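# Next input, structure requested:
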Amino acid sequence: QVQLVESGGGLVQPGGSLRLSCAASGFTFSSYTMRWYRQAPGKERELVAVISSAGGTTNYADSVKGRFTISRDNAKNTMYLQMNSLKPEDTGVYYCHAQSVWILPRQETYWGQGTQVTVSS
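This next block holds a predicted model:
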């Protein structure tokens, strides 16, 4: 059974930090590109960061560059998002997403259930 379980969300003051985790099971984690998305109330889900299957390549949304760091530990089947200098506009539900590196015969994608991050004083 495939599972992506996020944790680490919560309430934090502006300027604070949080570290999100995404624990994967039921599939070969090291063969998947991993992404963090977020969705603020009343807004569409947006891509925050992406990391390649081996972890050697990362990319970030302009809004989080220099503040967030995505990483993964393939030995632990876990992805992380270190979030520093948090702003109120970072508030939202954060989701992890897995996408297989292969396309054929069918690309596989999975979503986690999300974890709430609230940045407020």
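
# The helix or strand hosting Thr69 packs against which elements?
Thr69 is part of strand 68-73 when elements are defined by DSSP states H and E. If you count contacts as 3 or more C-beta pairs under 8 Å, 6 or more residues apart in numbering; DSSP states H and E, strand 68-73 packs onto strand 32-39, strand 46-51, strand 58-60, strand 78-83. Where C-beta positions appear, they are placed from N, C-alpha and C, glycine not excepted.

# As JSON lines, those strands with mean neighbour count, distance to Cys22 and mean pLDDT would be great.
Rendered in JSON lines, the data for the helices and strands packed on strand 68-73 read as follows (neighbours: other C-beta atoms under 10 Å; distance: least, C-beta to C-beta, whole Å; pLDDT from 0 to 100):
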{"stretch": "strand 32-39", "mean neighbour count": "22", "distance to Cys22": "7", "mean pLDDT": "98"}
{"stretch": "strand 46-51", "mean neighbour count": "18", "distance to Cys22": "11", "mean pLDDT": "98"}
{"stretch": "strand 58-60", "mean neighbour count": "14", "distance to Cys22": "15", "mean pLDDT": "98"}
{"stretch": "strand 78-83", "mean neighbour count": "22", "distance to Cys22": "4", "mean pLDDT": "98"}
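
# Tell me which residue is most central in the chain.
By C-alpha atoms, centre = their mean, the mean C-alpha position of the chain lies nearest to Trp36, the distance being 2.5 Å.

# coming back round to it: in the strand holding Thr69, which residues are buried?
With burial defined by 16 or more other C-beta atoms under 10 Å, the residues of strand 68-73 counted as buried are Phe68, Thr69, Ile70, Arg72.

# so the nearest residue to the second one once chain neighbours are set aside bridges to which residues?
Computed as C-beta to C-beta, 6 or more residues apart in numbering, the closest residue to Thr69 that is not its neighbour in sequence is Gln82, at 4.4 Å. Partner residues in beta bridges with Gln82: Arg19, Thr69, with DSSP bridges as the criterion.
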